[in-house]
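> how would this look folded up:
(one chain, ligands or ions: 4)
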Amino acid sequence: MSILHTNTPLKPAYVDLHIHSTASDGSLSPVEIIEAARKVGLRAIAITDHDTIEGSVEALQHQRSSGVEILPGIEISVSFDSGTMHLLGYLVRLDDDLLRQSLKVVQKARADRNVQIVERLQDLGVDIKYDEILEVSGGGQIGRPHIAHVLIQKRVVQSFDEAFNKLLKKGRPAYVERYRLLPAEAIQTILRAGGVPVLAHPFTLNAKTEGDLDRVLADLKQAGLKGVEAYYPSHGPELTACYERLAYHHGLLVTGGTDFHGTAKPGVHIGIGRGNLRIPYRLVEELKRCAATQSSCPIP
Ligand code: AMP
Ligand code: ZN
Ligand code: FE
Ligand code: FE
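Ligands and ions are numbered 1, 2, ... in the order given. Down below sits the predicted model:
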């Protein structure tokens with residue numbers, strides 16, 4: 001058949017580069033995520049689980065039959081005093097020894113912290129056991145959303161938001177600190193594994209002004225950062241434009257994703273977030289170019 005007479009419609013190709021699976025605190029397995037992505041017609045996805053590559057490992061084993069391209073991914077929580085900093089790593093080599101070793105250390109710290117959170121809740125008078133958290137986690141990395149899930153089941157709170165706002169977030173009575181990699185350590189770990197480090201959802205840094213964020217980005221760029229997640233469900237048009245501007249200013253690429261967690265983040269849908277996200281495949285090509293050159297990134 002001639003290329004001019006194919007039945008394949010010429011559709012714009014969209015992607016979702018920020019998705020959580022049951023390997024961390026998402027409610028769908030990697031295979032279920034691929035199926036959901038195929039159904040909505042996404043061309044490529046990245047499963048970016050908290051502090052683990054197991055979601056990506058499993059997804060890549062099922063990529064062939066699905067027609068959805070899978071980019072290896074991870075989301076690492078790093079230390080940052082005045083807010084929450086997460087770093088996404090794209091196209092990392094999943095068998096990289098250093099990456100695996102670093103993740104083992106943070107996974108142990110996370111596991112210890114989870115036990116301590118349950119103890120804090122018990123001290124606060126909540127009838128909760130660690131085994132109940134294990135049960136809802138499905139065997140993956142346990143995170144605070146699993147604890148929130150059990151608190152909702154037990155009617156201690158009504159929603160995930162209430163669980164975080166009353167008990168689990170920084171400054172609340174059941175919040176427990178844990179060891180995290182420094183931002184520069186996570187960036188270097190991703191780079192050494194052949195990946196592209198990207199600052200996730202910059203609004204969670206709680207930067208007061210564009211100038212403050214500009215300074216954080218300058219430091220991160222110095223440490224090897226390659227991109228900024230500009231397209232995200234809770235970034236309105238002004239924030240998105242601000243992040244695009246800052247990325248351009250620092251010679252960083254832009255990425256986007258929904259942070260889909262399934263039932264753990266009600267109202268956020270794969271590919272489209274709260275309905276208005278459309279992330280073009282072009283960004284994946286830029287990530288690939290960046291991974292291939294490593295030392296420098298194309299300016300979008
Ligand atoms: P952890 O990885 O255990 O530190 O938990 C942090 C994760 O909890 C974040 O990455 C989000 O996925 C989730 N989270 C944070 N705040 C909220 C919230 N208010 N409602 C629901 N989920 C949240
Ligand atoms: Zn999460
Ligand atoms: Fe995050
Ligand atoms: Fe996330």
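> can you give me the helices for the stretch 1-150 of the chain?
Under the criterion DSSP state H, counting those that start in this stretch, the stretch 1-150 of the chain carries helices at the ranges 30-39, 54-61, 63-66, 97-123, 130-137, 144-153.
> and Ile142, what is it in contact with?
25, 110-111, 114, 133-134 (CB atoms under 8 Å, 6 or more residues apart in numbering). Yep, even glycine has a C-beta here, placed from its N, CA and C like the rest.
> again, but for Ala218
His250.
> tell me which element it falls in.
Here Ala218 is covered by helix 210-223, with elements defined by DSSP states H and E.
> That helix: which residues count as buried?
In terms of neighbour count (16 or more other CB atoms under 10 Å), helix 210-223 has its buried residues at 213, 216-217, 220-221, 223.
> ok, now stretch 156-168?
156-157, 160, 163-164, 167-168.
> Out of the buried residues of helix 210-223, the closest to Ile34 would be?
The shortest separation between Ile34 and any of the buried residues of helix 210-223 is 31.2 Å, and it belongs to Leu220 (by CB to CB).
> So the closest one sits against Val198, correct?
No: counting by CB atoms under 8 Å, Leu220 sits too far from Val198 to count as a contact (10.0 Å).
> Mind giving me the packing neighbours of the helix or strand bottoming out on mean pLDDT in the chain?
Taking mean pLDDT, DSSP states H and E as the measure, the helices and strands of the chain show their lowest mean at helix 63-66, namely a mean of 80. Helix 63-66 is packed against helix 30-39, with contacts defined by 3 or more CB pairs under 8 Å, 6 or more residues apart in numbering; DSSP states H and E.
> Report the rounded mean pLDDT for the helix it packs on.
Taken as a whole, helix 30-39 carries a mean pLDDT of 96.
> Could you export it as PDB, CA atoms only?
Taking Å, rounded to 0.1, in the frame of the first residue of the first chain, the C-alpha atoms of helix 30-39 are listed here in PDB:
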ATOM      1  CA  PRO A  30       2.300  -1.100  35.100                       C
ATOM      2  CA  VAL A  31       0.400  -3.400  32.700                       C
ATOM      3  CA  GLU A  32      -2.900  -1.700  33.600                       C
ATOM      4  CA  ILE A  33      -1.200   1.700  33.000                       C
ATOM      5  CA  ILE A  34       0.000   0.700  29.600                       C
ATOM      6  CA  GLU A  35      -3.600  -0.500  28.700                       C
ATOM      7  CA  ALA A  36      -5.100   2.800  30.000                       C
ATOM      8  CA  ALA A  37      -2.500   4.700  28.000                       C
ATOM      9  CA  ARG A  38      -3.300   2.700  24.800                       C
ATOM     10  CA  LYS A  39      -7.000   3.300  25.300                       C
END
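> and it, which residues are buried?
Using 16+ other CB under 10 Å as the test for burial, helix 30-39 gives 30-31, 33-34, 36-37.
> Sort out which residues of stretch 125-140 are buried, please.
Under the neighbour-count criterion of 16+ other CB under 10 Å, stretch 125-140 has 126, 128, 130, 132-133, 136-137, 140 buried.
> Strands along this protein, start to end?
For the chain, the strands defined by DSSP state E cover 14-19, 44-47, 69-71, 73-78, 85-90, 196-199, 227-231, 253-256, 279-280.
> could those go into CSV alongside distance to Ile270, mean pLDDT and mean neighbour count?
What follows is the strands of the chain, written out as CSV (distance: least, CB to CB, whole Å; pLDDT from 0 to 100; neighbours: other CB atoms under 10 Å):
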stretch, distance to Ile270, mean pLDDT, mean neighbour count
strand 14-19, 6, 98, 26
strand 44-47, 8, 98, 28
strand 69-71, 14, 97, 21
strand 73-78, 14, 98, 25
strand 85-90, 17, 98, 25
strand 196-199, 19, 98, 29
strand 227-231, 14, 98, 26
strand 253-256, 13, 98, 24
strand 279-280, 11, 97, 20
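> quick revisit: out of the buried residues of stretch 125-140, which one sits closest to Leu99?
Looking across these and measuring by CB to CB, the closest to Leu99 is Gly140, at 17.8 Å.
> wait, isn't that closest one in contact with Asp51?
No: the pair Gly140 and Asp51 does not pass the contact test of CB under 8 Å, sitting 10.6 Å apart.
> what touches both of these two?
Where contact means CB under 8 Å, 6+ apart, the residues bridging Gly140 and Asp51 through contact with each are Ser24.
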